[in-house]
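Engineer: the following comprises the amino acid sequence and a computationally predicted model.
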Protein chains: 2
Amino acid sequence: MGSSGSQPDAAPAMRWWGWGDPGHPPALGEGVLSELRERLGLAGAPQPPVALEHVRLPEPALSARQRTALQSLLGHGALSDAHARRVAHAAGRGYLDLVRLRRGEPLGAPDAVVRAGSHEQLLALLDLCSRSSIAVVPFGGGTSVVGGVEPLRGAHEAVVALDMAGLTGVESIDRESLSVTVGAGMRAAALERELAARGLTLGHFPQSFEYVSLGGCAATRSAGQASTGYGRFEDLVLGLRAATPAGTIELRALPASAAGPDLRELLVGSEGTLGVIDRLTLRLAPQPRERIYQGLLFADFESGAQALRRLAQEGEPPTVARLFDRPETELSLRLAGEGLRHAATQLYFAARRRREGCLAILGFEGEPEQTRRSWRAARACARAHGAIVLGSGAGEAWRASRFSAPYLRDELLTHGVMVETLETAACWSDLHALKSAVGRAISDALAASGTPGIVGCHISHLYESGASLYFTFMARMLRGAEERQWQSVKEAAGAAILANGGTITHHHAIGRDHRGQLEQEIGATGIAALAAVKQRLDPAGIMNPGKLLPAGA
Amino acid sequence: MGSSGSQPDAAPAMRWWGWGDPGHPPALGEGVLSELRERLGLAGAPQPPVALEHVRLPEPALSARQRTALQSLLGHGALSDAHARRVAHAAGRGYLDLVRLRRGEPLGAPDAVVRAGSHEQLLALLDLCSRSSIAVVPFGGGTSVVGGVEPLRGAHEAVVALDMAGLTGVESIDRESLSVTVGAGMRAAALERELAARGLTLGHFPQSFEYVSLGGCAATRSAGQASTGYGRFEDLVLGLRAATPAGTIELRALPASAAGPDLRELLVGSEGTLGVIDRLTLRLAPQPRERIYQGLLFADFESGAQALRRLAQEGEPPTVARLFDRPETELSLRLAGEGLRHAATQLYFAARRRREGCLAILGFEGEPEQTRRSWRAARACARAHGAIVLGSGAGEAWRASRFSAPYLRDELLTHGVMVETLETAACWSDLHALKSAVGRAISDALAASGTPGIVGCHISHLYESGASLYFTFMARMLRGAEERQWQSVKEAAGAAILANGGTITHHHAIGRDHRGQLEQEIGATGIAALAAVKQRLDPAGIMNPGKLLPAGA
């Protein structure tokens, strides 16, 4: 694991004001846009982001003494307070983050971006920051959509973003145990490339796959699109090491243990508030030798959900499962790039038999025989629930475009569309009431802002006992009141989730956005337990202030 | 959930001095016994346990004021300090527990046995005990083999055993989500009976199945014999409620969540030291419509382990997997009841082709087609690794006798045999070195005590990344020095486990016996994190003192 230099090694470039590869071509068609204009009541000219040099940042608050101490600890190249570096670490990639970045007014910025090159340096850094009143925000891919990397300083004099790119790379692969040990700053995409060359896979593909770090996935309990098959990120963590202000926690890689409470599950999901996960041992799977992705059309969401529930509970569940409700089926096809438009053709062809319906995508990965058998069984089950099989065109089109939604978001923002997602999970018996309540809450809140919108929902992950619900909504952006507009929807949706048996987040984590709602989910005594750990491991309170735990906890 | 009465409702009877149903017939054959006499150098007459009335207990230490306060809170019938009740809650069912009980000298006894009939009563009880300096030992099935229910009072004036039988019964079954909500005092066997009548199963069958409570399984991260298929107990816990001295922690039943650290995984495994788990929502499975249990004979442990690893990593693992090394293969067959002796016949028949080898048991449960397919695939894999298939006789015999080992232990103790088990788990790449080191450590320690013994080992649970190792050993009991003899083996084995990549316990938990070794596994900072939670949830330190956390933590 090497460090040095102020530019991240091999870190993929990202638009400072939005999502993804700066060279990505526009994908929003004029037809869809004019339809959205009409339907959402858009008005006014497109608003591109300001120029980078016009982004207003606060003066760096690090004192000369603090700056010198950091530099002498980490080495000169490992600290930067250059404008572009601070902007790049000023926010995550949530809707409000982008709204603010685009207008050149992020909520704040780290006073510097620092890198540590070893575990020992990390411990020394946390010690220095604890003594010097400097808050530390661990920063991996920077893709949080819940304010998880917001450069908040809490009660401290200054705040630094800790760029995890200095702690990266594969340390070892254990083929016999099917595991890999990596520096937690490593990007998921970089690891997949290394694994693919060895016939292995981690199987973790969140929509943010191009950018996320593995440590970030662990710290936020990430779930990827194929997690129904390969497991959620917490299921992949066999062992880990974390640097905390109180010292190292190192948990050996183990398949299972009964040695008391599972500290892995305490650090996984801790969102940088207890310490910095800097090494992970992760479970692997063989590269699948066969991939079958298929599209299906159910008459309605209920029958589709019933079929998915049977797949999850009876035998061989798919690797990937998606079921879109009618509004989102329509939305997906309207917003589709070329790939999914091809699928749309198939869909409309099928729709000669069915005027409307709910699109489902099922993906199966593994050994050829088993994969084909699972698909055959799933197809029979889906047909028994009234599904029409659209074929692999729709499935492959979904797969080809599965990382593209955030690119579309950038374009929609330019055109004044508020576009946001939120997710939950619940037991099967709660799922439909939850979906109705949350969908209604979002619609009502948008209407109450005077911006009635489009609300879609899909099931994104299956479990034996339940499933996730992923909501996407669009409305006319209330220019100048974006925060208020967004906040009203989030509050209404969160209240509906918690009142109807859902979790406040299935895979986006708590961050800053949900910290006010965590207590409703785990109770005051649960919060007290977490706060006690926080106080013991981070007595100065430097670790990612203002995230996860409610104010005052 | 009802309470009242000082006798547990429907709690199965257990020998106060040993294991299990008092009416269970003897099973140790004279042939085996004389062989053991010779091999282990046994001498002297059989020593049956003393009579119940001769068991020496300390005077109850509850003051009249404490006793009255407890009675007026819980109701008169809910407190007992009768001799038999105190003896029945004086110890778990570890080797030393039984040695001490049989000679009428348990280490101590609870000053009273109490029951709470509701969550609110439980909270009030913990509050009263916190204010009155009374330690509380949650007591479910009482089957801990690591001192987990030892009636230690720590720094307190008195100690009560909290009989969980007052908080029992099925609250609801959610067929759609495949889950059940139960009072945590409910016995696993009672739940299985209720579920079987509805075509469902929990699938949790530890060797202590006849007695264990579900709350006890949760508090100790239990793994059952079929956990390779149905999942470890922590995998089954969707939601829970716990009463702690600081208040209630209630975690809704969820299939998954990204809402911060997983508090389920903090309470699961907490061994009664943070509070009392009094309600659980557990994942269920359909009752299998087909069961296939088969015996196989591998040439050696290494080839058997390799076959099991492939089954765990490639496709459809068995529901039950056991692989015995040569000493334990021999031991199992010598000690077998009638069922396994039948299997032995098959084995010796097969052994005409193979003079010696390692017995394996594979069990498959589920839908007929899938079950048969899995077995066919496993058989092919096993044969490719040189296995001879013994057939279903051996498999069914194992299944029929799978809860019988603790009964044999009682008889062996009578005849002066020290017999004990311990378990660990590790990644596949560490497994063989771990097995050698621990086996050698046990053998050497027994020899150093002047009592060379027999040491066997089997793999009991499979994971993609590794497996468990379960050691059984026998030696001549050093009468009068049983503790020292036992301690020397445990220390040597524990040191070998921790030095070779294993966990100090795969499914027996920490209890009192491993608390000195937990720090080696999770580190001083890990201990500090747990201690912080303990201090916050149980500030008076009344919850199960002397367990889990090391002294002084």
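Structural biologist: Thanks, I have the structure now. Values in this document were obtained by computation on a predicted structure and should not be read as measured data.

Engineer: other residues contacting the helix or strand A:Tyr407 falls within?
Structural biologist: Element membership for A:Tyr407, per DSSP states H and E: helix A:405-414. Around helix A:405-414, the neighbours that count as contacts under CB atoms under 8 Å, 6 or more residues apart in numbering or on different chains are A:15, A:18-20, A:24, A:26-28, A:36, A:46-48, A:93, A:95, A:98-99, A:102, A:207-208, A:335, A:419, A:474, A:477. C-beta here means a position set from N, CA and C on the backbone, and glycine is covered the same way.

Engineer: low-confidence bits of the stretch 251-400 of chain A, can you list those?
Structural biologist: A:336-355 (pLDDT under 70).

Engineer: switch to 50 and redo it
Structural biologist: Counting by pLDDT under 50, the stretch 251-400 of chain A contains no low-confidence residues.

Engineer: what parts of it come near chain B?
Structural biologist: Neighbours of chain B within the stretch 251-400 of chain A, by CB under 8 Å from any CB of the partner chain: A:251-271, A:274, A:283, A:285-286, A:309, A:313-316, A:366-367, A:370.

Engineer: following element in sequence after the helix or strand of chain A with the lowest mean pLDDT, please.
Structural biologist: Ranked by mean pLDDT, DSSP states H and E, the weakest helix or strand in chain A is helix A:338-350, scoring a mean of 56. The helix or strand immediately downstream of helix A:338-350 is strand A:358-366, counting by DSSP H and E.

Engineer: now the angle between helix B:368-384 and the helix or strand just after that next one, please.
Structural biologist: Tracing the chain past strand A:358-366, the next element assigned as helix or strand by DSSP H and E is helix A:368-384. Our comparison of helix A:368-384 with helix B:368-384, counting by axes from the mean of the first three to the mean of the last three CA atoms, to 10 degrees, yields an angle of 180 degrees.

Engineer: from start to finish, how long is stretch A:185-200 in a straight line?
Structural biologist: 20 Å (CA to CA, to the nearest Å).

Engineer: contacting residues around that stretch?
Structural biologist: A:10-12, A:140-141, A:163-170, A:173, A:175, A:178, A:180, A:182, A:201-202, A:204-206, A:209-215, A:217, A:278, A:284-287.

Engineer: just these: which are in strands?
Structural biologist: With strands taken from DSSP state E, the overlap with the contacts of stretch A:185-200 comprises A:163, A:170, A:173, A:180, A:182, A:201, A:278, A:285-286.

Engineer: got the contact list for the helix or strand where A:Glu234 lies?
Structural biologist: Assigned by DSSP H and E, A:Glu234 belongs to helix A:233-236. Applying CB under 8 Å, 6+ apart, the contact partners of helix A:233-236 are A:202-204, A:217-218, A:221-224, A:227, A:230, A:264-265, A:268-269, A:282-283, B:262.

Engineer: residue contacts, the residue lying closest to A:Ala499 once chain neighbours are set aside?
Structural biologist: Distances taken as CB to CB, 6 or more residues apart in numbering or on different chains put A:Ala437 closest to A:Ala499, at 7.1 Å, once the chain neighbours are dropped. When contacts are counted by CB under 8 Å, 6+ apart, A:Ala437 touches A:496, A:499-500.

Engineer: surely A:Ala437 is within a helix?
Structural biologist: Yes - under DSSP: H, G, I helix; E, B strand; the rest coil, A:Ala437 falls within a helix.

Engineer: ok, the closest residue to A:Arg15 other than its chain neighbours to chain B distance?
Structural biologist: Once flanking residues are discounted, A:Arg15 sits nearest to A:Pro22: 5.2 Å by CB to CB, 6+ apart. Counting by CB to the nearest CB, to the nearest Å, the gap from A:Pro22 to chain B is 29 Å.

Engineer: burial of A:Pro22, as a residue count?
Structural biologist: 10 (other CB atoms under 10 Å in any protein chain shown).

Engineer: equivalent analysis for A:Gly141, please.
Structural biologist: A:Gly141 has 28 neighbours, counted by other CB under 10 Å.

Engineer: so it makes contact with A:Ser213?
Structural biologist: Yes - A:Gly141 is within contact range of A:Ser213, at 4.8 Å (criterion: CB atoms under 8 Å).

Engineer: circling back: so which of the contacts of helix A:233-236 are in helices?
Structural biologist: Mapping those onto helices (DSSP state H) picks out A:217-218, A:227, A:230, A:264-265.

Engineer: tell me the one among these nearest to B:Gly357.
Structural biologist: Using CB to CB, the shortest approach to B:Gly357 within these belongs to A:Tyr230, at 36.2 Å.
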